[in-house]
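In: no sequence for this one, just the structure:
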């Protein structure tokens, strides 16, 4: 303890590292670095058999360093190395005009638009269902079991059929994909909002009863504001699941456009680098969408005077 | 102010003429039984009581004696099993629909997403007053409970005593003639409680409202009330009604007087008689 007290003030570099690890960025960076190393090792390990096979067929001599070097530069690797994915992302995001069919930005936008349309429709449907369930006893008994049963249908598995059927009756493009998204994301919203709209306690309800408030006044002055934390928690789940729905909805559309189409085309032609680039774009989109919901939540909380 | 002055005058005239004010709450043979899984619980049994305009009536008794339940029945938050009850000459439900009373709960019950002034304006919004009127009343009643300057704070930024004062301002702001208060100061420290007791007494004296007040503090009941209703549990019933005619402009010092001690003694004796400590 005394030595610590006597030691000279720490240098700026040390302080920075200590500060980084005291917060969240240090540990996060360490985990990312670890994953990156694992990924490179995995790329070499998975791609090596194909390479070694080739060397032996051609009767070439090979060493471990050559295998490692070649494994990270293959055109159609089993698992591409991280920097290959980064190069592909750079090429397909910055390399083309955003309106080009080769641009990832174009495909991301196609997916995002049906994600958002489905998300909005699903949220509206979920909230309306919750309002009905909370206010009408018959709906509470009759509707809630159906809402839960709806999610036992493996919609992701039958999404292609849904798209094909909808296509046959004239729904193509954005709407069928958005319907898949809606089907997935109305559920967390409905369940969350039923709980949220029922969250006011007896005391808060008794207070409005002493003012003989109407049902709609109870809803707007008490139930709706009380349900906000539940709504935002549901929205975060819903927006992520809505993106999944949109991507799955794109798979059977003959690979026209969207992140799902990129995944499908990539797997048709063994373009694994392209698949991974599309996957990372999808992950980044999901992250941004959830972060946007978090931002909305914080804005709402601040307006509603939440304790910081 | 003029209305208050007139009311005060009327009351003075009535008192001078020795004629009783008209009854606000009339309770006749009222009983309330809760059916629970463990069998019936007799919350209230054959309660008879009349509260007249301008009275300050306290219900006092140990926990579980039904004093809060009786207040809730008056407020139409519970329904009696048998017996008759009228508020302002009509049924409690009709009185509630006519917004005849302001209710102060044990907890402040402020809505955490509303600022202090918007919490006070809540009943005014529901009753459809104009924005200007709402603002004016919120400012006036927050000043009355000494909370001027706290209008834009959120409830969590206030102490427990201040929160309860907001809830009192909220009950007063739509100007009901009848105030029902359920242990409003029960959760507060004694210093805050004394202060609020004095403020409440001044308010009652000034406005001539009828107040029904639930408490389990003997000094509080004696200090505030014009009549004290002593209740006992299992089943909840009234065992004594004590007149408490201390001067209306009393201050906290009166608690050291002989009259005060005498009334407090009667209340304590009543409570002891009604409550068996064996169980």
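Out: Great, that's in hand. Computed from a predicted model, the values in this text were never measured in an experiment.

In: residues of the stretch 201-308 of chain A that sit close to chain B?
Out: Residues of the stretch 201-308 of chain A lying near chain B by CB under 8 Å from any CB of the partner chain: A:203-204, A:206-213, A:217, A:221-222, A:225, A:228, A:304-307. Glycine gets a C-beta too; all of them are placed from N, C-alpha and C.

In: redo that, cut-off 10 Å
Out: With CB under 10 Å from any CB of the partner chain as the criterion, the stretch 201-308 of chain A comes near chain B at residues A:201-214, A:217-218, A:220-222, A:225-226, A:228, A:300-301, A:303-307.

In: hmm, which of the residues you listed are the buried ones?
Out: Among these, those classed as buried by 16 or more other CB atoms under 10 Å in any protein chain shown are A:204, A:207-208, A:210-213, A:217-218, A:221-222, A:225-226, A:228, A:300-301, A:305-306.

In: these two touch, right, residue B:214 and residue B:75?
Out: No. The pair residue B:214 / residue B:75 is not scored as a contact, 11.3 Å apart, by CB atoms under 10 Å.

In: looking at the two, which is more packed in?
Out: Legend: neighbour count by other CB atoms under 10 Å in any protein chain shown for residue B:214 and residue B:75, higher for residue B:214 (26 against 23).

In: need the contact list for that one.
Out: Residues near residue B:214 by CB atoms under 10 Å, 6 or more residues apart in numbering or on different chains: B:57-61, B:67-72, B:104, B:106, B:180-184, B:186, B:221, B:229, B:231.

In: so chain A: which segments form each domain?
Out: What automatic domain parsing lists as the domains of chain A is A:11-79, A:104-303.

In: and the ones you listed, which one averages the lowest pLDDT?
Out: Of all these, mean pLDDT reaches its minimum on domain A:11-79 (a mean of 83).

In: sec struct for residue B:31, please.
Out: strand (DSSP: H, G, I helix; E, B strand; the rest coil).

In: how about it, nearest residue that isn't a chain neighbour?
Out: residue B:82 (4.9 Å; CB to CB, 6 or more residues apart in numbering or on different chains).

In: how close does the one you found get to residue B:42?
Out: Using CB to CB, to the nearest Å, residue B:82 is found at 11 Å from residue B:42.

In: more neighbours: which of those two?
Out: Legend: neighbour count by other CB under 10 Å for residue B:82 and residue B:42, higher for residue B:42 (16 against 12).

In: the helix or strand where that one lies - what's its average pLDDT?
Out: Residue B:42 is part of strand B:39-52 when elements are defined by DSSP states H and E. Averaged across strand B:39-52, the pLDDT comes to 85.

In: could you list every helix and strand in contact with it?
Out: Other helices and strands packing on strand B:39-52, by 3 or more CB pairs under 10 Å, 6 or more residues apart in numbering or on different chains; DSSP states H and E, are strand B:23-36, strand B:56-60, helix B:67-74, strand B:82-87, strand B:210-215, strand B:227-232, strand B:237-243.

In: now these as a markdown table including mean pLDDT?
Out: Converted to a markdown table, the helices and strands packed on strand B:39-52 look like this (pLDDT from 0 to 100):
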| stretch | mean pLDDT |
| --- | --- |
| strand B:23-36 | 86 |
| strand B:56-60 | 91 |
| helix B:67-74 | 90 |
| strand B:82-87 | 88 |
| strand B:210-215 | 92 |
| strand B:227-232 | 89 |
| strand B:237-243 | 85 |
